[in-house]
Structures are given as structure tokens and as C-alpha cells.
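Engineer: fold the following, please.
(one chain, ligands or ions: 2)
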Amino acid sequence: MRANLTVLHHHVFLGLILGGCIPKDTTPTDDSGTDDSGSDDTGTLERRCDEHPELSVDEGMDAEDQTRMVCMEKTDECPEAADVNGWELVQGVMGSEPVDGGCSTWNGTVQCGPEALEVDRCCYIVDVTVDWCDIGRPFTVQGKARRSAVRETDRWTESVHIQLDLGPDLRSRLADYWTRMALAEHASVASFARFQLQLLELAAPPELCAAATRAMGDEIRHARDSFAIASVFHGHQVGPGPLSSEGALSGNDPLLDAFLEGCIGETIAAAQASAAAQACTEPNIRLVLERIADDEARHASLAWRFANWMLAEHPEAKPRLQAALNAFQLGEAPEKDPDADILRRYGRLPASEMHEVAVQALSEVIRPAGAQLLSMTVRKPRAPAISDA
Ligand SMILES: [Fe+2]
Ligand SMILES: [Fe+2]
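Structural biologist: Ligands and ions are numbered 1, 2, ... in the order given. Modelled structure (predicted):
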């Protein structure tokens, strides 16, 4: 699949041309340590971590967002928690197959361990998560994407006509996909609401504040459209439950968040939505995807303008952004989907094609734009003289 990136390219580079705190240089806190270590040299085994049930593949999706003990085979000494890769650890139990037959995968953040009670295995206490690969800007709190749960309600939906010609399995897959899309769009509203508060706190120019407000409205529209489509596949009306904002305003780095979620995330999202629209043959879904693609390109442009403005204010942040750009990698390409043709028709681009488009967006738009952003000599705009005002 070849994505048309011309419009996106235009949006992103225009954002850079038009653009111009870092809050304190916050070093991420490492909370993966083992400060409650119960190690001793008396030969007595003690529990090092709080007790949690062990992760089991039988739990399936119920394991998402749970804290679990996760174990791996002991080959030598058990490494300290800080040296354990949570992604590999959780996938060792849950498998590396995509969670939903799509491109989402299991992940985890190691909190504590090794658990001294386990003599034959290396066990750790892990916050188990799923890295959802849906289109849109995540609402990340302390490193975890937060979304509300779905519930039956007609408050977020309008009627939409979609011609269904599907067996129950594919209908169920599309219901799940569009529900996740809708919940992700709903979470993007919270992400922009927080961004707006951060802009005000940073004394950002009104142009950026106005663009953030417009983006929040766009995301509400995306969420409503996506819930309406999801409701058709479900056969009943669905919408969002409550979305907690607890902790959302503390410990954030607005520049790094905007760079990862906006410059990278929404640029990829815009390219994927555009490719999904091109491949979609159901007219009302195609219209929604075209609108999402246009809006996400504008949101990506806003993120690049914001990053440009922040670097003008705080050029010392450049190495942090450079490191984030260098470190960003896409995972392995997922397997081809045997139902790809039918999924495409209803706006769900198969995972392998989503991945292909993301690779193109990364190499053809994000890395060149990032290089330009980081090489620009940014100057703080001169404050206007009183007589100019
Ligand atoms: Fe969106
Ligand atoms: Fe967006």
C-alpha cells in the first residue's frame, strides 16, 4: 500500500515554517526500582514485593490494566527489576501474537522484583497493559494510555446508514475495532483539554490556544462519528463511560508529550486515516475517515508549530527531542490478514498495511521534519515595543 503523503507533508512543513517551556528539565523518575527489597543474607526467603496474582494467558483481555506477578524461566541469576524488559516479560506469558488479530500487542511496566519467594523462576510485579495501535492522539498519564470503558448509551451517537453484508465473526471484529477507535478519539478530547491548560501555563501565543480548542472540537466529532459506526456493527448504541483525569496534570513534560503524541503520533494517524479512507468503499465510513485524515493532519501541524515555538523559548531541550526521535522505532510488520479485503471495505485497514503506512510516514515526513526542526536556528521573537502595539 502506497500512502499519499503530499497533503500531510505540506501541513507538517508549513507548521514548521510558521512556528517560533520547557518546564524544568525533568528527568523521568525511575519507579521501577526495588526499594522494598527483602533480600537478606540469612538464607530465609522473604517476599520482596506486594502480593499479586500471577498473570495467566487464560485471563485474556481481563489482564489489561491489572498488576500481576509475571515470571520467566530462571537461567542464571535473576536480573534486577530495572534491567528487565517488561514488553518481553509479558509477551513471554501472553504471546507475541497481536491482541486482536490486528496490530496491538501486550506490554508491561516492571514495578518490583525479582520476587525472592520464587527460587526456580524469575518473577516480577508488573503493570500489564496493551499497546493499542489505533488511529489518534492518546491521553497518556504516567506513561499509560488512558481511555474510558464502553457502555450502552445513545448520548454520543447519531444515526448513520451502513450497508452490512457480513458474517457474525467479521461483524464482531469490526464492532471491536470501531469501538476502540471511538474510545481512542474520545481520549484525544482529554489530551487536547490538558494541552490547552499546558499552553496557558506556558504563556503560549493565542494562535496555538485557538488551534488547540478547535482540535478538541474535532476530536469530539471524531468520537461521535466513530461511536455511531461502532453502534451499527454492535446492533445497539454504544458510547463512553467516565474518563478519569486523576493525576493527568502532574509529572508531564508538555514538549515531549506533544512531540511523541502529536508530531509523531498524529502525523502517522493522519497518514493511516487517509490510506484507510482511500481503501474504504462504504460511503458513510469513507466520509468520516476523510474528515479524520484532514483534521489529524492539522493537529499534527499544530504539534510541530508548538514544538518549534517551545524550542525557540528553550533551545536547550533540543538534545531531548533528538534522543526521542532517534529512539522512536516501529515494531515488526504484522502478518497479512486473510480477511483484509472485507475489513478495508469497512474502513479498517489491515494491520500489515497500517504498519506499512506508518513506516512511510516516519521515513518520508517525520524524520525529515524532525531533522529540520532540530537544525533550525530558532530565535526568540523580539517583544514588540510599546509604540508598536
Ligand atoms: Fe481524532
Ligand atoms: Fe487528533
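Engineer: neighbours of residue 231, how many?
Structural biologist: Neighbourhood size, residue 231 [other CB atoms under 10 Å]: 26. Heads up, the C-betas are built off the backbone N, CA and C, glycines and all.
Engineer: scratch that, residue 162 is what I was asking about
Structural biologist: 16.
Engineer: with residue 92 instead?
Structural biologist: For residue 92, using other CB under 10 Å, the count is 17.
Engineer: lowest-confidence helix or strand of the protein?
Structural biologist: When each helix and strand of the chain is scored by mean pLDDT, DSSP states H and E, helix 6-18 comes last, with a mean of 75.
Engineer: so residue 73 sits against residue 118, correct?
Structural biologist: No - the pair residue 73 and residue 118 fails to qualify as a contact (CB atoms under 8 Å) at a distance of 11.1 Å.
Engineer: so residue 2 sits in a strand?
Structural biologist: No - using DSSP: H, G, I helix; E, B strand; the rest coil, the assignment for residue 2 is coil, not a strand.
Engineer: tell me the pLDDT of it.
Structural biologist: In this model, residue 2 is scored at 70, pLDDT.
Engineer: nearest spatial neighbour of it, skipping sequence neighbours?
Structural biologist: residue 360 (7.5 Å; CB to CB, 6 or more residues apart in numbering).
Engineer: circling back: what helices and strands are in contact with the least confident helix or strand of the chain?
Structural biologist: Judged by 3 or more CB pairs under 8 Å, 6 or more residues apart in numbering; DSSP states H and E, helix 6-18 is in contact with helix 267-279, helix 283-313, helix 367-375.
Engineer: could you look over those helices and pick the most buried one?
Structural biologist: helix 267-279 (a mean of 26; mean count of other CB atoms under 10 Å).
Engineer: CA atoms only: put it into CSV for me.
Structural biologist: The C-alpha coordinates for helix 267-279 follow below in CSV (Å, rounded to 0.1, in the frame of the first residue of the first chain):
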residue,chain,number,x,y,z
THR,A,267,1.4,12.5,11.7
ILE,A,268,1.2,8.7,11.5
ALA,A,269,-2.5,8.8,12.4
ALA,A,270,-3.2,11.3,9.6
ALA,A,271,-1.4,9.1,7.0
GLN,A,272,-3.2,5.9,8.2
ALA,A,273,-6.6,7.6,8.2
SER,A,274,-6.0,8.9,4.7
ALA,A,275,-4.9,5.4,3.5
ALA,A,276,-7.9,3.8,5.2
ALA,A,277,-10.3,6.3,3.5
GLN,A,278,-8.8,5.5,0.1
ALA,A,279,-9.3,1.8,0.6
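Engineer: now do the SS call for the residue sitting nearest the centre point of the chain.
Structural biologist: Centroid check for the chain by CA atoms, centre = their mean gives residue 138 as the closest residue, at 4.1 Å. Assigned with three-state DSSP, residue 138 falls in the coil class.
Engineer: so it sits against residue 184, correct?
Structural biologist: Yes - the criterion here is CB under 8 Å, and residue 138 meets it with residue 184 at 7.1 Å.
Engineer: which residues of this protein lie near ligand 2?
Structural biologist: 137, 296, 299 (CB under 5 Å from the ion).
Engineer: closest to residue 247 among those?
Structural biologist: Nearest to residue 247 among the residues of the chain next to ligand 2 is residue 137, at 18.3 Å by CB to CB.
Engineer: export the helices and strands packed on helix 6-18 to a markdown table and append columns for mean pLDDT.
Structural biologist: Output for the helices and strands packed on helix 6-18, formatted as a markdown table (pLDDT from 0 to 100):
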| stretch | mean pLDDT |
| --- | --- |
| helix 267-279 | 95 |
| helix 283-313 | 95 |
| helix 367-375 | 93 |
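Engineer: so which of these gets nearest residue 67?
Structural biologist: helix 267-279 (29.6 Å).
Engineer: now the closest one: how far from the chain's centre is it?
Structural biologist: 16 Å (CA atoms, centre = their mean, to the nearest Å).
Engineer: same question, stretch 159-171
Structural biologist: The chain centre lies 27 Å from the centre of stretch 159-171; the measure is CA atoms, centre = their mean.
Engineer: tell me the buried residues in that stretch?
Structural biologist: Residues 160, 162, 166, 170-171 are the ones in stretch 159-171 that count as buried (16 or more other CB atoms under 10 Å).
Engineer: which one of those residues sits closest to residue 266?
Structural biologist: The nearest one, if we look at those relative to residue 266 and count by CB to CB, is residue 160, at 24.4 Å.
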